[in-house]
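Chemist: Please find the sequence and the predicted model below.
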Number of protein chains: 2
Amino acid sequence: MSVALSPSQALHLWHSATLRLVRSDAPDLTLRQLSILLHIYLVPPPHTVRGLASTLGVTKPVITRALDSMGSLGLVRRSRDERDRRNVIIQRTVDGALYLEKLGDIIIDEGRELSL
Amino acid sequence: MSVALSPSQALHLWHSATLRLVRSDAPDLTLRQLSILLHIYLVPPPHTVRGLASTLGVTKPVITRALDSMGSLGLVRRSRDERDRRNVIIQRTVDGALYLEKLGDIIIDEGRELSL
DNA sequence: CGATAATGATACGGTAGCGAAACAATCATT
DNA sequence: AATGATTGTTTCGCTACCGTATCATTATCG
């Protein structure tokens, strides 16, 4: 199966999926928050504040704030690393998995309609 | 050419493209702003504030503010409709086209690496 | 132990987003 | 011309984000 996209297809896919995301009643995450959420769920753990900051190229408070926001939405969970109690391990939640599942559905759905 | 995506592929594509967008030095647009920008450039004109608000399912001030922000970034331009001077016609700019071209490149680039 | 380093959270001042409501300008209707 | 409808902007009070700098806690090293 190929996922080669033409320039037009790529932008149309992004357009329609983003539009549906905006129109949906799903929590309105920033691009950075969405990136963090995707990273946590798609890249093997463990995930730390410092690591995420470095990966995204942002400062640590950005990560702390994003975890605060998404944490209160139930999309993500924090816990101390007992082996080095300075670290915070960021963990997945059921709600977070559901959120991303919905996002995946939207993308696939819009991608399907790209067939020319 | 097929653009059928598996659930995993769809999310990985979104993840890597979003990550590169966040890491890039490109202006940090919100999801709504990005959606507006894509709509203006991908859907045939004319585009009005009212029309965009209805399409995105948001209030008019959201569009006005987004146009203010993206306008000062040079991504978008406003002009009066001379046939009905109540309307504002939203127009494309060279910088806006370049921004989206770059976004398209990123998506294509990451999509290419999805081939299994 | 004591000093230094590392990690994440917090404080701060500033900017920008939000929806609801009110507003000015323009058009349509009579 | 006068009234009412339509369009986009502005104002209001509020919330959330930003980067820099600082802080508290914990670990490491001498």
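Modeler: Yep, it's here.

Chemist: Which strand or helix spans the residue of chain A found nearest DNA strand D?
Modeler: Residue nearest to DNA strand D within chain A: A:R85 (3.3 Å; Cβ to the nearest atom of the strand). Where you see a C-beta, it was placed from the backbone N, CA and C, and this is true even at glycine. Assigned by DSSP states H and E, A:R85 belongs to no helix or strand.

Chemist: residues near it, how many?
Modeler: 8 (other Cβ atoms under 10 Å in any protein chain shown).

Chemist: Got the confidence number for it?
Modeler: Looking at A:R85, its pLDDT reads 95.

Chemist: show me where chain A has strands.
Modeler: If you assign secondary structure with DSSP state E, the strands in chain A sit at A:76-80, A:88-92.

Chemist: ok, the last one: who's next to it in the sheet?
Modeler: What that stands for is strand A:88-92. Within its sheet, strand A:88-92 is paired with strand A:76-80 (antiparallel), according to DSSP bridges.

Chemist: before we move on, back to that, which of the strands of chain A sits closest to A:I63?
Modeler: Smallest distance to A:I63 across these (Cβ to Cβ): 8.7 Å, for strand A:88-92.

Chemist: Return the distance of the closest one from the chain's centre.
Modeler: 14 Å (Cα atoms, centre = their mean, to the nearest Å).

Chemist: Any part of that strand near DNA strand D?
Modeler: No - counting by Cβ under 7 Å from any atom of the strand, DNA strand D has no neighbours in strand A:88-92; the shortest distance is 10.8 Å.

Chemist: in that strand, what's buried?
Modeler: A:V88, A:I89, A:I90, A:R92 (16 or more other Cβ atoms under 10 Å in any protein chain shown).

Chemist: mind putting the strands of chain A in CSV, mean pLDDT and distance to A:S54 included?
Modeler: Below are the strands of chain A laid out as CSV (pLDDT from 0 to 100; distance: least, Cβ to Cβ, whole Å):
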stretch, mean pLDDT, distance to A:S54
strand A:76-80, 96, 18
strand A:88-92, 97, 14
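
Chemist: Show me the one of those strands that comes nearest B:M70.
Modeler: Among these, the nearest to B:M70 by Cβ to Cβ is strand A:76-80 (29.8 Å).

Chemist: does that closest one come close to DNA strand D?
Modeler: No - against DNA strand D, strand A:76-80 shows no contacts by Cβ under 7 Å from any atom of the strand, the least distance being 8.0 Å.

Chemist: hmm, who's touching that strand?
Modeler: A:37, A:40, A:67, A:70-71, A:87-93, A:96 (Cβ atoms under 8 Å, 6 or more residues apart in numbering or on different chains).

Chemist: which among these gets closest to A:A10?
Modeler: Taking Cβ to Cβ as the measure, A:L37 is the one of the contacts of strand A:76-80 closest to A:A10, at 21.8 Å.

Chemist: quick one, what contacts the closest one?
Modeler: Taking Cβ under 8 Å, 6+ apart as the test, what A:L37 contacts is A:L29, A:M70, A:L75, A:V76, A:G96, A:Y99, A:L100.
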